[in-house]
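> What follows is a predicted protein model with its sequence.
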Amino acid sequence: MLSTIGAAAVATCLLAAAVAAIGGLVGGFRRSVELVRAARLGLYLTFAAMTVAMVVMEIALLSHDFSVDYVSRVGSLETPAYYSAISLWSSLDGSILFWGWILAAYSALVAWVYRRSESRLIPFTMGVLGVVGLFFFGLLAGPANPFGHIIPAPANGPGPNPLLQNHPLMGLHPPMLYFGYVGMAVPFAFAIGALMSGKVDEEWVRTTRRWMVAPWAFLSIGIVAGAWWSYEVLGWGGYWAWDPVENASFLPWLTATAFLHSVMVQERRGMLKTWNLTLVVSTFLLTLLGTFLTRSGILDSVHAFSEGLIGPLFLMFMAFIALSSLALIGWRADRLHAQGTLDAIASRESAFVLNNLLFAAFTFTVLLGTTFPLIVEAVSGDRISVGPPYFNMVTVPIGLALLFLMGVGPALPWRRISGEKLRKTFWMPTTVGVVVVLAAGALGVREVFPLLTFLFAGFAMATIVEEFRKGLSARRRISSDGPGRALLYLLRRNNRRYGGYIVHAGIVVIVVALSISGTWRFEKERTVQRDELLAIGDYAIRLDDVWAREEPQRDVVGSTVTVFKRGSEIGTMEPRLNYYRNSEQPIATPAVRSSLREDLYVTLMAFNQNGTNATFRVIVNPGVPWLWIGGLIVGLGAILAIVPQGGARRRREALPAAAEA
Amino acid sequence: MRRSVILAVGLLWALPMTAWAQTQAPALDSTAVDAAAAEIASELRCPVCRNQSVLESSADVARDMHRLIQEKLAAGESPEAVKEYFVGKYGEWVLLKPEARGINLLVYLLPLTLIVVALLVLQGRIRSWVAAGTASRAGTFPLAAEVPGAADSTSGPESEPSGTSADVSARISGENERWLEEALRE
Amino acid sequence: MRRHLGWLLPLLALPVLGLLLFGLTRDTFVLPSPLVGNEAPQFTLEKWEGDTLSLADLRGRVVVVNFWASWCGPCRVEHPALLNIERNYDPAEVVLVGIPNRDRRSDSERFLAALGGDWTQLIEAEYTALDYGVYGLPETFFIDQQGVVVRKRVGAVAWNTARATIDSLLASSSEDQATAPPESADNGDGS
């Protein structure tokens, strides 16, 4: 029953996407109002149908209806309801269903927002979204069909991937990433729409920027949440392993970030048109690559679990996207050519261009490192690995250069700056940076990279504070607002700019936290007897007990330890190992004790059967809590940057397409 | 301009060679052998895991490897010899940082080459953009009408004293040298 | 000029896609072993029934070293092939040696009692498996009369490929034996 409804919904969706694709593209070229309306209705219908399909799947998952193929593979009667619900993204076809639903939601939103627009851009944009939809809904209808009907229905299933059901964050991290990934289809559709309609001026760029910030924010939050999940579950005390799948989520983030900066140059100067198109297309391709890598398992990593026809289909689709974008850019080459002009080398424009160069280099380096084992194997047949030691070595310098630019860029005005003004602007941030470095030096820091990081971070932070101060004092000169009201006004009136600065501040916090935790983390691994102490730094833990507990879906072996800091007892922790019924390897639940300064991170590694001793890995991880705080700041800044602006500005910007009717 | 930017980037790139070893987590609370073993373990791949180092993994094989590293170091073997032992057993695959030789050189040199070439190209382009900007400003100020929302532009072209384009670009490049030098001197 | 660059940039995607297509065709699980073609790591291990066995003592015979465990599924699958090796070859020419890995002795014994097989089982030392670069059970090493590893199989061995490997080793050595008898202790050192 549920299988039938689900399959019917997917089929409807496929048809609707075909209508949207044909209606949008043909209607766009023929300027047919009817066809365009059909496309719009088609996109609405995909959303309705996908919503039905997803609700059906959720009902099947929650009611343990094992006659539905997907449920029979990822469900089990013992799985708690929350994890049953989120096992929608426990496996390949469920994830694609979720992917498809998000795509349909974004598409319908685009169709609705521009329903009255008469811009030539919109029909093509809807058509492109229809084409992208055709691919994903086609996967759902064929090779990745989750709604297969199983007769007779099994009495029980194996349950979801153990990693998925071990931590509640699995309910947050994948959806955030998916909203980010899929959202990049919208800027891509606008870019292709611009190329097809020939309107490659600044309209699509202004419109696209807004549609880029939201997925960018989701992606940022998804990446940080993923790091957090990895930290809380995998038990190795780290948060970023340069795993191919992690890299795959980072790559589109890099190109999207580059775009968010270079787009400002195009808005102001009408230059970098081809470059911006390339960034948007690359971002979309990289999100497809990310989905592919996550699901194909060809670069073996924790997350990969798939095979079959879907991999080659993904590659064909990516090749189609790349080639057709290439052809379109070539076709419109004459319109894309614009004479770039700058007033001076020392200007914000130059800083942005340099920033884009570094982001591109960063992307290239991560992509190269991620795929390099494949390159070597293809050329010589040898198997090699490229892992964290490599990535840290090559990306830290690029990251530092970007951090440096992050301080310099906002301090530079658009167009040009005089030498005297430059000195005046840079004096304060430079002083702050130097003071921070001297302070760190006085505290005994001698390592080169952390000191450089502190220098640039101090500089960047001072620039941001100075920008806020300038804005506030300007506002207070012309109004009677108090500082609070003035700040509120600034944030409302120029949310894009000040939201951007808040994001910068969050990034600075994250970078400093990365540098600190990467440099001063230390750890110890020991087997201790009951009542024995294990000392590390200021801390000591004492093994009190080893216990076991049976839960419906797993067996839990835990240990209770008492924690001491500088000799005084500060509480207990319970690191555990979870043995899931469908997995041989135990999944750890490390215990983490956070303070603003550092984390004490305890993983239970092994225990003996009679509970008299246990092996722990204990890690003192300074700075880590600030990673999550920084992530939160980034998220807040990004949200601020996308909330609609007040008053006249909103009317002018929200529907730029309508203006040219 | 060109030299100083390349120098700046080159400097950042050269640092890892000399300084990376110092910044890699010094174990404050363990013996020298433990610290050295942890460093080697962080550079070896756990053979049964998916993308984890021996240091990070809790798999039995990884823990055996970690212990063997410690024992070999304690017995006086050099870190290189220890790594070589594992390469002999599992192949180069076991190294998380590929050895810089043969085709592997590409993974180190390509990013650097790309950055240098891109900087050179970009430098030429920025020059030509500035020249074009100067030329257009000397003419009819077609770009002087600002895009809406540019209130943050602290200095517009109007505020600059007029001069021949040669003057302007000379002054600008002079300013720029100072700007970069100052930035780099910090 | 920018226009030309713009043309080229999306092209970068194609080599990447080609690589990924190549990636789909290969098995990430199987690693080539650097031991193949080199002298097998020496070991002297205790047998189940007491007494010790050194690899060096087996010089002149083909040795098949099988790392296995009772909890490993594919080990069960390959067991008939191992039984065939035991049954079809003269122990004076071909020696099959099992080394249970991370397995309780009682479990290993129960496994063999159920499935049969009387070949020598050795008690692994702490790092025997690491010495052989073992990462996934079962792993089987074919060692020639000179003590050189000629083939490594990760995963269940099949009887026909195992036989082909062993037969070719026996065939190639029958010529050598005419000139250098296996009893000669110096025989393999040069190779």
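Thanks, I have it. Numbering: from 1, shown residues only, chains lettered A, B, ... in the order given.

> C-alpha only now, for contacts and for neighbours.
Noted.

> which residues touch residue 98?
If you meant another chain, say so; for now it's chain A. Counting by C-alpha atoms under 8 Å, 6 or more residues apart in numbering or on different chains, A:Phe98 makes contact with A:Met54, A:Leu88, A:Trp89.

> um, chain C though
With contact taken as C-alpha under 8 Å, 6+ apart, C:Gly98 is in contact with C:Val65, C:Asn66, C:Phe67, C:Trp68, C:Trp119, C:Thr120, C:Gln121, C:Leu122.

> Okay, and the closest residue to A:Asp382 other than its chain neighbours sits in which element?
Excluding the flanking residues, the one nearest A:Asp382 by C-alpha to C-alpha, 6 or more residues apart in numbering or on different chains is A:Val376, at 6.3 Å. For A:Val376, the host element (DSSP states H and E) is helix A:348-380.

> From C:Pro34, how far off is C:Leu58?
22 Å (C-alpha to C-alpha, to the nearest Å).

> Within range of chain C, give me the residues from the stretch 351-500 of chain A.
A:Thr371, A:Leu374, A:Ile375, A:Ala378, A:Asp382, A:Arg383 (C-alpha under 8 Å from any C-alpha of the partner chain).

> Which one of those residues is nearest to chain B?
A:Arg383 (5.3 Å; C-alpha to the nearest C-alpha).

> thinking the closest one is in contact with A:Pro373, fair?
Yes. Judged on C-alpha atoms under 8 Å, A:Arg383 makes contact with A:Pro373 at a distance of 6.5 Å.

> how long is stretch B:34-52 end to end?
End-to-end distance for stretch B:34-52: 19 Å, by C-alpha to C-alpha.

> which of the residues in it are buried?
Buried positions in stretch B:34-52, judged by neighbour count with 16 or more other C-alpha atoms under 10 Å in any protein chain shown: B:34-52.

> Intersect those with the contacts of chain C.
B:Pro47, B:Val48.

> Return the subset of the buried residues of stretch B:34-52 lying in helices.
Mapping these onto helices (DSSP state H) picks out B:Asp34, B:Ala35, B:Ala36, B:Ala37, B:Ala38, B:Glu39, B:Ile40, B:Ala41, B:Ser42, B:Glu43.

> show me the contacts for residue 74.
Here I'm looking at chain A. With contact taken as C-alpha under 8 Å, 6+ apart, A:Val74 is in contact with A:Ser87, A:Ser90, A:Ser91, A:Gly157, A:Pro158, A:Gly159, A:Pro160, A:Asn161.

> Correction: the question concerned chain C.
By C-alpha under 8 Å, 6+ apart, the contact set of C:Pro74 is C:Leu137, C:Pro138, C:Gly155, C:Ala156.

> Adding pLDDT, distance to chain A and neighbour count, write those out as CSV.
Below are the contacts of C:Pro74 laid out as CSV (pLDDT from 0 to 100; distance: C-alpha to the nearest C-alpha, whole Å; neighbours: other C-alpha atoms under 10 Å in any protein chain shown):
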residue, pLDDT, distance to chain A, neighbour count
C:Leu137, 81, 14, 21
C:Pro138, 89, 16, 24
C:Gly155, 85, 18, 19
C:Ala156, 89, 19, 20
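
> Of those residues, which is the nearest to A:Phe607?
C:Leu137 (23.9 Å; C-alpha to C-alpha).

> for that closest one, helix, strand, or coil?
The three-state assignment at C:Leu137 reads coil, by DSSP: H, G, I helix; E, B strand; the rest coil.

> you'd agree it is up against C:Phe67?
Yes. The pair formed by C:Leu137 and C:Phe67 meets the contact definition of C-alpha under 8 Å, at 6.5 Å.

> Residue ranges in the chain under the pLDDT threshold?
Looking at chain A here, since you left the chain open. A:295-308, A:584, A:644-661 (pLDDT under 70).

> meant chain C actually
C:1-10, C:27-29, C:173-191.

> cutoff 50 now
C:1-4, C:178-191 (pLDDT under 50).

> Chain B contacts on that one?
Counting by C-alpha under 8 Å from any C-alpha, the residues of chain C near chain B are C:31-35, C:126-127, C:130-133, C:135-136.

> Please produce a ChimeraX select command covering the buried subset of these.
Here is the ChimeraX selection string for the buried members of those, based on 16+ other C-alpha under 10 Å:
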select /C:31,32,33,34,35,130,131,132,133,135,136
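
> got TSV for the residues of chain C next to chain B, with distance to A:Leu514 and secondary structure too?
Putting the residues of chain C next to chain B into TSV (distance: C-alpha to C-alpha, whole Å; DSSP: H, G, I helix; E, B strand; the rest coil) gives the following:
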residue	distance to A:Leu514	secondary structure
C:Leu31	34	coil
C:Pro32	36	coil
C:Ser33	37	coil
C:Pro34	37	coil
C:Leu35	40	coil
C:Glu126	38	coil
C:Tyr127	36	coil
C:Leu130	34	helix
C:Asp131	37	helix
C:Tyr132	38	coil
C:Gly133	35	coil
C:Tyr135	33	coil
C:Gly136	35	coil
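
> Which single one of the residues of chain C next to chain B is nearest to A:Ser67?
C:Gly136 (35.1 Å).
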